[in-house]
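Novice: Following is a predicted model, sequence given first.
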Amino acid sequence: MRDNAPLGFAAGSVPMSPQMFRLPANTHGRDFVVGDIHFKTIELHKALRALNFDATVDRVIAVGDLIDRGPGVLDGLKLLGEPWFFCVRGNHEQMLIDAYEQTPQKPYSAHGARWWLTIADESKPMIIQRLARLPIAIEIETPRGLVGVVHADLPHGVSWQSFIDGLENRQFVDIALWGRERVKKHVRDGVEGAWRVCTGHTWIPSALRLGNVLALDVTGGGEGPLAVFCVQDDTIYVDGKPVSLDQAEQLTEDLAGLEQKLGELKTLVNSNKLIESQGLSREVEALGKQINSAWLTIQDEIAESQTLINALHGLSLLRNDGRPVKLKELKRRYACVHPERD
């Protein structure tokens, strides 16, 4: 992944294949997995400072889409040379690679890539080479199990190891770069064979946990702080503060906030303060989307809990010789849906 092996822990990093990269357990520092950066390097460094990031022992693993949309072009590209920075390939990197390989001379500026027009022609092959060397997946060894990092998604029902073994399959790669079904449909089955799987790509108002899968793209390249998952803490941070994944608690807070903002909006409209009301209405709309996301998650959790209760009731009705098989099936099914914290 690099021209020079990073100092210390990175010397043991193993490029398992051109598509996958493995990081050994970080025994001296912490690992931070960050959502889609999109050249928002100021926000990245702000988030890391808030967590007391130490470049001599800590590592940053990005979920892809390092490029496009944001202003920090040069700083973002420089990250690819930092010994503490690792990144999987996102769909934005892939789109630029494909466009350049098809017609190198043709100007490309789609999907927030106008920065590419400012790059000197002689520098473009080196940048494309660096981006093309980014793996589709990274896995991090930890005492609790593997942490997988992929840009978008894994095929539904496929274990982490089967996914890694199948990365020569074009369909697997397409889902890894472009898949949205898990987040859009709030699929909570999880991924077997991994302790945590970190993804980005699909914008969500706040970080989300679906089984053992963490969705971290909370900005989509727009304004706002980045979400950062600390592997050692098993905690997602925003602005240096831990984010509660208790959706019921979050929903209660958001509903109270929405009620307050709606009252403020009504006052502004009645006072004919149109400019102020427009700004506040956008805040109300964003909060409404966040509430909807939390409610969908709670609905899924309720349905999943009811399914488990029904299954346990059915287990009690089975004959003794049939219970061990059914119990083993239930353990396998729910091991990834509700991963326990040590």
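Specialist: Good, I have the coordinates.

Novice: got the end-to-end distance for stretch 93-112?
Specialist: Between the start and the finish of stretch 93-112 there is a gap of 12 Å, counting by Cα to Cα, to the nearest Å.

Novice: Could you pull out the buried residues of that stretch?
Specialist: Neighbour-count burial for stretch 93-112, counted by 16 or more other Cβ atoms under 10 Å, picks out 93, 94, 95, 96, 97, 99, 100, 108, 111, 112. To be clear about C-beta, it is placed using only N, CA and C from the backbone, and glycine gets the same treatment.

Novice: Nearest to residue 38 among those?
Specialist: residue 112 (7.2 Å; Cβ to Cβ).

Novice: how about that closest one, what does it touch?
Specialist: Contacts here follow Cβ atoms under 8 Å, 6 or more residues apart in numbering; on that basis residue 112 touches 38, 68, 69, 92, 221.

Novice: any chance of those residues in a markdown table, with distance to residue 125, pLDDT and secondary structure too?
Specialist: Conversion of the contacts of residue 112 to a markdown table gives the following (distance: Cβ to Cβ, whole Å; pLDDT from 0 to 100; DSSP: H, G, I helix; E, B strand; the rest coil):
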| residue | distance to residue 125 | pLDDT | secondary structure |
| --- | --- | --- | --- |
| 38 | 23 | 97 | coil |
| 68 | 19 | 97 | coil |
| 69 | 23 | 94 | coil |
| 92 | 19 | 97 | helix |
| 221 | 25 | 84 | coil |
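
Novice: Are any of those residues buried, and if so which?
Specialist: Among these, the ones that count as buried (16+ other Cβ under 10 Å) are 38, 68, 69, 92, 221.

Novice: Show the contacting residues for the last one.
Specialist: The neighbourhood of residue 221, defined by Cβ under 8 Å, 6+ apart, consists of 36, 38, 40, 65, 68, 69, 70, 112.

Novice: Adding distance to residue 329, write these out as TSV.
Specialist: Putting the contacts of residue 221 into TSV (distance: Cβ to Cβ, whole Å) gives the following:
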residue	distance to residue 329
36	37
38	42
40	44
65	38
68	44
69	45
70	47
112	46
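
Novice: Buried by neighbour count: which residues of whatever helix or strand residue 49 lives in qualify?
Specialist: Residue 49 is located in helix 41-50, with elements delineated by DSSP states H and E. Burial within helix 41-50, assessed by neighbour count using 16+ other Cβ under 10 Å, is assigned to 41, 43, 44, 47, 48.

Novice: Run a quick check on the first one versus residue 76, I expect a contact.
Specialist: Think residue 41. Yes: if you go by Cβ atoms under 8 Å, residue 41 and residue 76 touch, sitting 5.3 Å apart.
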